[in-house]
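Q: Provided below for reference: sequence and predicted model.
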Amino acid sequence: MSEHTVLLDVQHLQTYFPIKGGVVHKTVGHVHAVEDVSFQIREQETFGLVGESGCGKSTTGRTILRLIEPTGGKIFFDGQDLCQLDREAMRQKRRDMQLVFQDPYSSLNPRMTVRRLLEEPLQTHFTLTQKEMNEQVLWIAHAVGLSPEQLERYPHQFSGGQRQRVSIARALITKPRFVVADEPVSALDVSIQAQILNLLFSLQEELKLSYLFISHDLNVVRHISNRIGVMYLGRIMEQGNTESVYRNPLHPYTRALLSAIPKLDPLEEKHRIQLEGDVPSPANPPKGCPFHDRCSKCMEICKQSVPEEKELEPGHRVSCHLYD
């Protein structure tokens, strides 16, 4: 992937949500949902963002699309800083940046047929004749495996897997260059998951797409991603080429996550790393390394300062004081 240019460059991204309290709803604190996150996604590359529920993965994806406004940092898309765009310029830019939701049923208007659902983004972003619009709708329906007859149905008349195909078609009909796929298969049966992942693969090649693929399922992320970032309490603890991270996990948190993956061979010995305690609250993150109070390798410096990110292998970075 090194021959491809960088499409998305996220630098020191922060997203805080205010906590209101008292009679006058004064801001009494902040939830640190995303804290100093940096990564790049190249053209036609899939970057997998993985971590436990509540670690800030989905907030990161939505902040990149500016569906949530960032508190700090920069987001460069094709060399342009998205944070500097006004509302109208960002609206126009969204034809190049789309989102596939986890739950297609809640993201599709139940009162609209599939045809109307697919026509709506075209009407928003382009000026097309009805004939041109029909051609685009039929093209994307065929690309995601929907028949022309299914275009006249409503979302409730489809299975979960078919609804996700509609959701993917709606995201891709504007021919974007970048897609945030937020847990797109987690609500589906395992057999259907494979079909949707293979569909995302083929569409990536056909349309030359770049993906930010968000998931808590390490097996799914390994299957689809070129590179991955492991997130904990709003920070990326480790990132690198997928096989490099899976083969040689550097951060204690990454090792614990990978040890929890079920083994296919029942006779293979398991070395499950049990994490002590609970994930701290992002409203009151611990001082120092956010993982230190659950880490078996914790040292005194871990409690005092946040580790800097270091590149230990080409493209393989980790934020951990073990490597100071």
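A: Perfect, thanks for sending it.
Q: In PDB, list the C-alpha atoms belonging to stretch 231-249.
A: Provided in PDB are the C-alpha atoms of stretch 231-249 (Å, rounded to 0.1, in the frame of the first residue of the first chain):
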ATOM      1  CA  MET A 231      -8.000   2.000  21.000                       C
ATOM      2  CA  TYR A 232      -8.500   2.300  24.700                       C
ATOM      3  CA  LEU A 233     -10.200   5.100  26.600                       C
ATOM      4  CA  GLY A 234     -10.100   7.500  23.700                       C
ATOM      5  CA  ARG A 235      -6.400   6.900  22.700                       C
ATOM      6  CA  ILE A 236      -4.800   4.700  20.100                       C
ATOM      7  CA  MET A 237      -2.400   2.500  22.100                       C
ATOM      8  CA  GLU A 238      -0.900   0.600  19.100                       C
ATOM      9  CA  GLN A 239      -1.100   0.800  15.400                       C
ATOM     10  CA  GLY A 240       0.600  -0.900  12.400                       C
ATOM     11  CA  ASN A 241       0.200  -3.400   9.600                       C
ATOM     12  CA  THR A 242      -2.500  -6.000  10.500                       C
ATOM     13  CA  GLU A 243      -0.200  -9.000  10.400                       C
ATOM     14  CA  SER A 244       2.600  -7.200  12.300                       C
ATOM     15  CA  VAL A 245       0.200  -6.300  15.100                       C
ATOM     16  CA  TYR A 246      -1.400  -9.800  15.300                       C
ATOM     17  CA  ARG A 247       2.000 -11.600  15.000                       C
ATOM     18  CA  ASN A 248       3.900  -9.300  17.400                       C
ATOM     19  CA  PRO A 249       1.600  -7.300  19.700                       C
END
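Q: list the buried ones in that stretch?
A: 231-242, 244-246, 249 (16 or more other Cβ atoms under 10 Å). All C-beta spots, glycine's among them, are computed from the backbone N, C-alpha and C.
Q: In strands, which of these appear?
A: Mapping the buried residues of stretch 231-249 onto strands (DSSP state E) picks out 231-232, 235-241.
Q: For Arg95, give its distance to Leu117.
A: Using Cβ to Cβ, to the nearest Å, we find Arg95 at a distance of 16 Å from Leu117.
Q: Who has more neighbours out of the two?
A: Leu117 (21 against 17; other Cβ atoms under 10 Å).
Q: So the more buried one is in contact with Ser107, correct?
A: No: applying Cβ atoms under 8 Å, one finds Leu117 not in contact with Ser107, separated by 9.8 Å.
Q: just for the stretch 151-300 of the chain, where's the confidence low?
A: 263-270 (pLDDT under 70).
Q: can you give me the strands for the stretch 51-200 of the chain?
A: 72-77, 80-81, 97-100, 178-182 (DSSP state E, counting those that start in this stretch).
Q: Leu312: which of those strands is closest?
A: Proximity to Leu312, assessed across the strands of the stretch 51-200 of the chain by Cβ to Cβ, is greatest for strand 72-77 (24.1 Å).
Q: and the angle for that closest one with strand 178-182?
A: 120 degrees (axes from the mean of the first three to the mean of the last three Cα atoms, to 10 degrees).
Q: What pairs with strand 72-77, parallel or antiparallel?
A: Sheet pairing of strand 72-77 (DSSP bridges) gives strand 6-21 (antiparallel), strand 80-81 (antiparallel).
Q: Can you point out the buried residues in it?
A: Under the neighbour-count criterion of 16+ other Cβ under 10 Å, strand 72-77 has 73, 75-77 buried.
Q: Look up how far Glu45 lies from Val24.
A: 48 Å.
Q: more crowded one of the two?
A: Counted by other Cβ under 10 Å, Val24 and Glu45 do not tie: Glu45 has more neighbours, with 20 against 6.
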